[in-house]
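Q: Here is the input, now give the coordinates:
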Amino acid sequence: MGKGIVLGCVLVVLLGFALTCSAATLYMVGDNAGWDISTDLDTWAQDKKFVVGDVLLFQYSTIHSVNEVTEDSFKGCNMSDPIQTNSGGNTSIPLNRPGARYFVCGNKLHCLGGMKLQANVQVDPAASPAGAPEASRLEPGSSSRPSSKNNNPSAAIPNSTGHIYGGMVSILSVSAFLSSMATLLWMM
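A: Next up, the predicted model:
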């Protein structure tokens, strides 16, 4: 009888965890071209819906950097007071709060040439309470046409989206695990 109560409690906790996990997306900034002066970052970002929990992956050469800046600094490519500075070729930035986030290359000439990204981060509708209204996403002038710029590095880089965790796969995995655990405990 004691095993059944413990098993029931474990099942409830694990099922609750599985149901609260939502899928986060890993975005490789600029897709195959990466974080580079030749990448049309405005076009790349147009059809993306960034939500809290997503991650931006910047891949770039050592002549570049990724600075997070304020809106005013973004507009004027002002590098004097960045929120954070990253260098080294691979930078992952978790989008952990809703609102606009601004990223620029630390080289002012590159920033002025268009090497900057505005990410408008929304609250994940899957994480909102049941019955909460979902905001519609209608952006004027949005287009899904491909970038006119092209930069294909020799190393193949995967496309910009990939699921980090969660969704139906997590629920099925947890269900399989729970079934196995229940069978083991029942045999004891």
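Q: the strands in the chain, which residues?
A: Along the chain, the segments classed as strands by DSSP state E run 25-28, 50-51, 55-59, 66-69, 84-86, 90-94, 99-104, 116-122, 161-163.
Q: What average pLDDT does the first one get?
A: On average, the pLDDT along strand 25-28 is 93.
Q: now the shortest one
A: Confidence for strand 50-51, expressed as mean pLDDT, is 94.
Q: can you check stretch 90-107 too?
A: The average of the pLDDT scores along stretch 90-107 is 95.
Q: got a list of contacts for that stretch?
A: Residues from elsewhere that reach stretch 90-107, judged by Cβ atoms under 8 Å, 6 or more residues apart in numbering: 35, 37, 50-60, 63-71, 73-74, 77, 79, 82, 85-87, 111, 115-123. The way it works is simple: take the backbone N, C-alpha and C, and place the C-beta from them, glycine included.
Q: ok, back up a step: in TSV, list the strands of the chain along with mean neighbour count and distance to residue 43.
A: Shown next, in TSV, are these (neighbours: other Cβ atoms under 10 Å; distance: least, Cβ to Cβ, whole Å):
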stretch	mean neighbour count	distance to residue 43
strand 25-28	19	14
strand 50-51	19	15
strand 55-59	21	16
strand 66-69	23	19
strand 84-86	14	23
strand 90-94	15	20
strand 99-104	19	16
strand 116-122	18	11
strand 161-163	12	16
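Q: out of those strands, which comes closest to residue 44?
A: Across the strands of the chain, residue 44 has its closest neighbour in strand 116-122 (8.0 Å, Cβ to Cβ).
Q: Keeping just the C-alphas, turn the closest one into CSV.
A: Provided in CSV are the C-alpha atoms of strand 116-122 (Å, rounded to 0.1, in the frame of the first residue of the first chain):
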residue,chain,number,x,y,z
LYS,A,116,22.5,44.8,-36.1
LEU,A,117,19.4,42.9,-34.9
GLN,A,118,16.3,43.9,-33.0
ALA,A,119,14.5,40.9,-31.4
ASN,A,120,11.0,41.6,-30.2
VAL,A,121,10.5,39.0,-27.5
GLN,A,122,6.9,38.0,-26.7
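Q: Just tell me which of the strands of the chain ends up closest to residue 41.
A: strand 116-122 (4.9 Å).
Q: What angle do strand 90-94 and that closest one make with each other?
A: 30 degrees (axes from the mean of the first three to the mean of the last three Cα atoms, to 10 degrees).
Q: Provide the strand pairings for strand 116-122, with the direction of each partner.
A: strand 50-51 (parallel), strand 99-104 (antiparallel) (DSSP bridges).
Q: which residues touch it?
A: Contacting residues not belonging to strand 116-122 are listed as 29, 41, 45, 48-52, 54, 56, 74, 77, 95, 97-105, 135, 137 [Cβ under 8 Å, 6+ apart].
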